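# Sharing a model that was predicted from the sequence below.
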There are 2 protein chains.
Amino acid sequence: MKRKIAAIFAADIAGYSRLVAEDEEETLRRLASYREVVDDFIARASGRIFNTAGDAVLAEFPSAVDAVRCAIDIQESLRTRNMAYPPSRQMSFRIGITIGDVVERDGDLLGDGVNIAARLEGLAEVGGICVSRAVHEQVANKLSVQFADIGAQEVKNIPTPVHAYMVAMRREDGGYGKPQLKKPASKLAAAPV
Amino acid sequence: MKRKIAAIFAADIAGYSRLVAEDEEETLRRLASYREVVDDFIARASGRIFNTAGDAVLAEFPSAVDAVRCAIDIQESLRTRNMAYPPSRQMSFRIGITIGDVVERDGDLLGDGVNIAARLEGLAEVGGICVSRAVHEQVANKLSVQFADIGAQEVKNIPTPVHAYMVAMRREDGGYGKPQLKKPASKLAAAPV
């Protein structure tokens, strides 16, 4: 078994099924065009897409700093594109990033780290980015971006709570603000990992 | 700047200056022979030595799991070799391991991660291994080895305390035991990183 540490990036589109149900052709056409943006930023950051399924993208990056920077670039670029559409037709990714010591097999990556990235993605705001403590620890003093500590989160099929941070995305007024929590505080687990 | 995440491994010999002062030729001869063991285990775990200075070895590994396994193999192998010598002539490495998002330049690795690995090495027992929380998080459920949580440690020139764990090494009687703390409890910082 070949193991390696990588930054694992999981993205998918918020409300994808609804968007497809409402207008399949337009949604698929826009997905293809947004994926060009996503794939291009990933490639520029030396990332590699190791799996896709519908609107979902799984990628690995040699550096967590580069992965977070790439995710911010993707979200800011797509936010601009979405401005041309009414709220109900906006198509935004959620992104989750962790660091995992994973197993590589025939180009696919397997292990905890991949599952945790997908769970972090589920915790992210629409158009936002959620990272694990391991990522925060590596990037906090290397990127000039703000993080909001949302504490230890209980996530499906992961035995220990995952301590997570939201990346503070640029607000409509051009400033940066603390993102809203998706879950009410009562759902946050008490003990950090 | 090319960045990457790697497991960073720092090792050096406890009491090296004293050993050299007492018997230079024998110490240097044994260092060369012990380094063969160290280098061989590092290569087998897909590690790469990126710097050495006297008795100090800095290496990177693609996987933290493989790095910790390699460090255990090194310590167990050298422990057996040392048994042929009286305590005052035993030559044992301390090993520190962390995960760092580091910068690679002309084959050398630079950044926080390298400094932290060296500080963890300073915290390790003679013949022991000390790892950061980032390493513990990645390997705890993947290796059948015990860890002792020694909490957040204040270390030289690193602004935030480093949360560290000792790897429980095999005892003389063949079992595994919790290692002794090198520093008295009063020197341990209260707040985890």
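Nice, thanks for sending it over.

# Give me the below-cutoff pLDDT ranges for chain A.
Under the criterion pLDDT under 70, the flagged ranges of chain A are A:170-193.

# ok, A:Thr27 to chain B distance?
In this view, A:Thr27 and chain B are 35 Å apart by CB to the nearest CB, to the nearest Å. Placement of C-beta: from N, CA and C, glycine included.

# Mind telling me what element that residue is part of?
Per DSSP states H and E, A:Thr27 falls inside helix A:24-44.

# And that helix, what does it pack against?
When contacts are defined as 3 or more CB pairs under 8 Å, 6 or more residues apart in numbering or on different chains; DSSP states H and E, helix A:24-44 packs onto strand A:2-13, helix A:16-22, strand A:48-53, strand A:56-61, helix A:64-82.

# Contacts for that helix, please.
Under the contact criterion CB atoms under 8 Å, 6 or more residues apart in numbering or on different chains, helix A:24-44 has outside partners A:9, A:11, A:13, A:16, A:19-20, A:48-49, A:55, A:57, A:59, A:61, A:70, A:73-74, A:77-78, A:81, A:89, A:91, A:93.

# Please go through those residues and note which also touch chain B.
Filtering those for proximity to chain B by CB under 8 Å from any CB of the partner chain leaves nothing.

# quick one: contacts for the spatially most central residue of chain A?
Centroid-nearest residue in chain A: A:Ile95, 1.3 Å away (criterion: CA atoms, centre = their mean). By CB under 8 Å, 6+ apart, the contact list for A:Ile95 reads A:9-11, A:71, A:74-75, A:121, A:124, A:128-130.

# how does it look with 6 Å?
Counting by CB atoms under 6 Å, 6 or more residues apart in numbering or on different chains, A:Ile95 makes contact with A:11, A:71, A:124, A:129.

# Output the residues you listed as JSON lines; include the columns neighbour count.
Shown next, in JSON lines, are the contacts of A:Ile95 (neighbours: other CB atoms under 10 Å in any protein chain shown):
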{"residue": "A:Ala11", "neighbour count": "27"}
{"residue": "A:Ala71", "neighbour count": "31"}
{"residue": "A:Ala124", "neighbour count": "29"}
{"residue": "A:Ile129", "neighbour count": "30"}
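
# which among these gets closest to chain B?
Nearest to chain B among the contacts of A:Ile95, counting by CB to the nearest CB, is A:Ala71 at 14.6 Å.

# re earlier: what separates the helix holding A:Thr27 from the chain centre, distance-wise?
In terms of CA atoms, centre = their mean, to the nearest Å, the centre of helix A:24-44 is found 15 Å from the chain centre.

# Please save the CA atoms from it in PDB.
Taking Å, rounded to 0.1, in the frame of the first residue of the first chain, the C-alpha atoms of helix A:24-44 are listed here in PDB:
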ATOM      1  CA  GLU A  24     -31.700  20.400 -16.900                       C
ATOM      2  CA  GLU A  25     -30.000  21.600 -20.100                       C
ATOM      3  CA  GLU A  26     -29.100  25.000 -18.700                       C
ATOM      4  CA  THR A  27     -27.800  23.500 -15.500                       C
ATOM      5  CA  LEU A  28     -25.600  20.900 -17.300                       C
ATOM      6  CA  ARG A  29     -24.300  23.600 -19.700                       C
ATOM      7  CA  ARG A  30     -23.400  25.900 -16.800                       C
ATOM      8  CA  LEU A  31     -21.900  23.000 -14.800                       C
ATOM      9  CA  ALA A  32     -19.500  22.300 -17.700                       C
ATOM     10  CA  SER A  33     -18.500  26.000 -17.900                       C
ATOM     11  CA  TYR A  34     -18.000  26.300 -14.100                       C
ATOM     12  CA  ARG A  35     -16.000  23.100 -14.100                       C
ATOM     13  CA  GLU A  36     -13.600  24.700 -16.600                       C
ATOM     14  CA  VAL A  37     -13.000  27.400 -14.000                       C
ATOM     15  CA  VAL A  38     -12.600  24.900 -11.200                       C
ATOM     16  CA  ASP A  39     -10.400  22.500 -13.200                       C
ATOM     17  CA  ASP A  40      -8.200  25.400 -14.400                       C
ATOM     18  CA  PHE A  41      -7.600  26.800 -10.800                       C
ATOM     19  CA  ILE A  42      -6.900  23.300  -9.500                       C
ATOM     20  CA  ALA A  43      -4.300  22.600 -12.300                       C
ATOM     21  CA  ARG A  44      -2.600  26.000 -11.700                       C
END
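
# Nearest residue to the residue in chain A sticking out farthest from the centre in space, please, no chain neighbours.
Centroid-distance maximum for chain A: A:Met1 at 27.1 Å, with CA atoms, centre = their mean. In this structure, A:Met1 finds its nearest non-sequential neighbour in A:Val103, 5.2 Å apart by CB to CB, 6 or more residues apart in numbering or on different chains.

# Now that the one you found has come up, it's in contact with A:Lys4, right?
No - A:Val103 is beyond contact range of A:Lys4, at 8.4 Å (criterion: CB atoms under 6 Å).

# Of these two, which one has the most company?
The residue with more neighbours, out of A:Val103 and A:Lys4, is A:Lys4; 22 against 19, by other CB atoms under 10 Å in any protein chain shown.

# residues contacting the more buried one?
The contact partners of A:Lys4, by CB under 6 Å, 6+ apart, come to B:62-63.

# about what we covered before: which of the helices and strands packed on helix A:24-44 is buried the deepest?
Counting by mean count of other CB atoms under 10 Å in any protein chain shown, strand A:2-13 has the highest mean neighbour count of the helices and strands packed on helix A:24-44, with a mean of 26.

# Good, wrapping up.
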